[in-house]
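1. Here is my input, please return the structure:
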Amino acid sequence: MAEGQVTGADVKELQKRVPQAYELVSEYPPRPTRRDFLLSWKAMAWTAFGAASGVGTAAMLRFMMPNVLFEPPQVFKAGKLDDYEWDKPDERFKQDRKAWIVKTKKDWNGKPQLFALDVTCTHLGCTPNVLFSEQKIKCPCHGSGFRFTGINFEGPAPRPLERYGISIDPVDGQIVVDKNKKFQWEKGQWDDQSSYIDLSSA
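-> Residues are numbered from 1 along each chain as shown. The predicted model follows:
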């Protein structure tokens, strides 16, 4: 047999050496692991997209909700006539209701009346203070002064304090203040019977 020739026995020997099944030792391209994915730019892009979507959705939901300003009821009960002293503005409702209740023997018209003053200065909207020693209501912002009746007499305030609607509840006899109704002296509205309680018979 010539050198280099392959015999049948050699072929059989070679076939024995060839494996019948191949083991998969690696893949190409390699599969990414979870760690690789989390550190990849794709993960960062999806994270940014999700965050932006969340913020946008939250903003849209907030936009669809109405802006509601929660305030105390505009109509409230303020006790009975005997709870108040004569000629002394009562400050128990100044902070939460923005009102002074005044029981005076001589109102601007010379009659004994009870009324509710708005505590907002008519100059620039500051909240004045009651100075009992000086018998006046004084605004700390620009010096406007008001009588206990609400009439302005000094400083830059252009007009008297406003009054709220006031009445007596016929059921329990309590004073009812209605802040939905406002009365201005310069418009002649203090003559309205809803702006005061007549105390002529008190």
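
2. Would you indicate which residues of the longest helix anywhere in the chain are buried?
-> Selection of the longest helix in the chain by residue count, based on DSSP state H, yields helix 41-64. By neighbour count with 16 or more other C-beta atoms under 10 Å, helix 41-64 contains no buried residues. Bear in mind the C-beta positions are built from the backbone N, C-alpha and C, glycine included.

3. Let's test this: mean pLDDT of that helix, rounded?
-> The average pLDDT within helix 41-64 is 82.

4. who does the helix or strand just after that helix pair up with?
-> On the C-terminal side of helix 41-64, the closest following helix or strand by DSSP states H and E is strand 75-77. Using DSSP bridges, strand 75-77 pairs in its sheet with strand 175-183 (antiparallel).

5. Check which element follows the strand it pairs with along the chain.
-> Using DSSP H and E, the helix or strand that directly follows strand 175-183 along the chain is strand 197-198.

6. helices and strands around that next one, which ones?
-> Contact here means 3 or more C-beta pairs under 8 Å, 6 or more residues apart in numbering; DSSP states H and E; on that basis strand 197-198 packs against strand 113-118, strand 163-168.

7. Try it again at 6 Å.
-> Here strand 197-198 touches no other helix or strand, going by 3 or more C-beta pairs under 6 Å, 6 or more residues apart in numbering; DSSP states H and E.

8. partners of it, with directions?
-> strand 113-118 (antiparallel).

9. pLDDT averaged over the next helix-or-strand element following the partner strand, what's the number?
-> Using DSSP H and E, the helix or strand that follows strand 113-118 towards the C-terminus is strand 129-131. The average pLDDT for strand 129-131 rounds to 94.

10. how about strand 129-131: buried residues?
-> So strand 129-131, judged by 16+ other C-beta under 10 Å, has buried residues Val130.

11. Check which helices and strands it is in contact with.
-> Helices and strands touching strand 129-131, as assessed by 3+ C-beta pairs under 6 Å, 6+ apart, comprise strand 136-138.
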